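Visitor: Structure for this input, please:
(2 chains)
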Amino acid sequence: SQQGEEDPQALSIQEGENATMNCSYKTSINNLQWYRQNSGRGLVHLILIRSNEREKHSGRLRVTLDTSKKSSSLLITASRAADTASYFCATDARNYGQNFVFGPGTRLSVLP
Amino acid sequence: NAGVMQNPRHLVRRRGQEARLRCSPMKGHSHVYWYRQLPEEGLKFMVYLQKENIIDESGMPKERFSAEFPKEGPSILRIQQVVRGDSAAYFCASSLDRGSYEQYFGPGTRLTVT
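Guide: Reported below is the predicted structural model:
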């Protein structure tokens, strides 16, 4: 299976702290994307990183990609209570087709 | 500029009934994807469609499930003779083109089978 796997499954931190989530996958990819899902809602696209990129920033988000280790990390700095959500990585495999494969997600709780 | 629209947002069906879920992609998008999400799990790909064509249905159950994306109108995911195990959130996403493009997701339809 080419499924992405997020780690940890759940994470609780205090407001103001940084949150780091990791994603591992199994086969070569074209790109990797991170999504956020608030409870009971749809997915919001956060950031896309291509296979030839190593790091990308967007506001308080920082994503890294290590294709040699087949892993990515999402760092949220200075977390806020509103960051409480589930975070998913999705991979777009080179030979897999046009759909994205999602991991089970990391449930982040930011406590005020 | 409306995003991806899905309706209904919530759908309750009794076992054996049919469920029809609709998805209108973002304006200008001709690629539609359906995903299913069980509680506490990630999204599982079901089917990828372009206008009037099913491109990849490798994630669709072989029986009772079908999808279409007609030339005019929304994409429809149809589940016949629903069972309790079909209870899930069904998300539709659209993209501008195939390949490495962002997929924009709708709010989902939460199907409950009683």
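Visitor: Tell me the bridge partners for the most centrally placed residue in chain B.
Guide: In chain B, the residue lying closest to the centroid (Cα atoms, centre = their mean) is B:Trp34, at 3.6 Å. Beta-bridge pairing for B:Trp34 (DSSP bridges): B:Val47, B:Cys92.
Visitor: just checking, A:Ala78 touches A:Gly16?
Guide: Yes: using Cβ atoms under 8 Å, A:Ala78 is in contact with A:Gly16, at 5.9 Å. (Glycine included, C-beta is placed from N, CA and C.)
Visitor: A:Leu65: which element?
Guide: strand A:61-66 (DSSP states H and E).
Visitor: That strand near chain B anywhere?
Guide: No: applying Cβ under 8 Å from any Cβ of the partner chain, one finds strand A:61-66 separated from chain B by no less than 13.4 Å.
Visitor: what's near enough to touch the residue nearest to the centre of chain B?
Guide: Residues near B:Trp34 by Cβ atoms under 8 Å, 6 or more residues apart in numbering or on different chains: B:23, B:45-47, B:49, B:67, B:75, B:77, B:90-92.
Visitor: Might you list the low-confidence residue ranges for chain B?
Guide: For chain B, the stretches flagged by pLDDT under 70 are B:1, B:98-101.
Visitor: Which stretches in chain A count as strands?
Guide: A:5-7, A:10-14, A:19-24, A:29-37, A:43-50, A:55-58, A:61-66, A:71-76, A:85-93, A:101-102, A:106-111 (DSSP state E).
Visitor: just chain B next, same as before
Guide: Secondary structure of chain B (DSSP E): strands located at B:5-7, B:10-13, B:19-24, B:31-37, B:43-50, B:53-56, B:65-68, B:75-79, B:88-95, B:104-105, B:109-113.
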